[in-house]
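Participant: What would the 3D arrangement of this be:
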Amino acid sequence: MARRKLDKKKRAAKPRVFRKKSCRLCLEKTRELDFKNAEQLYQFITEKGKIMPRRITGACAKHQRIISQAVKRARVTALMPFAGEG
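Facilitator: Prediction:
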């Protein structure tokens, strides 16, 4: 009896369809991401100052490495804070 209920629940659940995010930097054909352009880098960090992961930003692996390197350089040169407010 309990087995039938579980089978019905499994059949009733619709599979989730995820749409792959495309990398904004690849679409714009951005050659380099400059650490001095802090306004552009603020798109890739949270309110608390953490670097957002690829699954949220939709960046490819190559550009995610460039983003993290640029954010870290901007932090060291005091163009961006290490920690945000809060």
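
Participant: Is Gln43 in a helix, a strand, or coil?
Facilitator: Here Gln43 is helix, with the state taken from DSSP: H, G, I helix; E, B strand; the rest coil.

Participant: And for it, nearest residue in space, chain neighbours not counted?
Facilitator: Closest residue in space to Gln43, ignoring its immediate chain neighbours: Thr57 at 7.9 Å, by Cβ to Cβ, 6 or more residues apart in numbering. Glycine gets a C-beta too; all of them are placed from N, C-alpha and C.

Participant: Pretty sure that neighbour sits against Gln64.
Facilitator: Yes - under the criterion of Cβ atoms under 8 Å, Thr57 makes contact with Gln64 at 7.3 Å.

Participant: pull the CA atoms of the lengthiest helix in the chain into CSV?
Facilitator: When the chain is parsed with DSSP state H, its longest helix is helix 61-76. This file holds the C-alpha atoms of helix 61-76, laid out as CSV (Å, rounded to 0.1, in the frame of the first residue of the first chain):
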residue,chain,number,x,y,z
ALA,A,61,35.3,28.8,-16.4
LYS,A,62,37.9,30.9,-18.3
HIS,A,63,36.1,34.2,-17.5
GLN,A,64,35.3,33.2,-13.9
ARG,A,65,39.1,32.8,-13.3
ILE,A,66,39.7,36.3,-14.8
ILE,A,67,36.9,37.8,-12.7
SER,A,68,38.2,36.4,-9.5
GLN,A,69,41.8,37.5,-10.3
ALA,A,70,40.6,41.0,-11.2
VAL,A,71,38.5,41.4,-8.0
LYS,A,72,41.4,40.3,-5.9
ARG,A,73,43.7,42.8,-7.5
ALA,A,74,41.1,45.5,-7.1
ARG,A,75,40.8,44.7,-3.4
VAL,A,76,44.6,44.8,-2.9
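
Participant: ok, and for it, which residues are buried?
Facilitator: By neighbour count with 16 or more other Cβ atoms under 10 Å, helix 61-76 contains the buried residues His63, Gln64, Ile66, Ile67, Ala70, Val71, Ala74, Arg75.

Participant: How about the fourth one, nearest residue that isn't a chain neighbour?
Facilitator: Okay, so that is Ile67. Nearest non-adjacent residue to Ile67 (Cβ to Cβ, 6+ apart): Phe44, at 5.0 Å.
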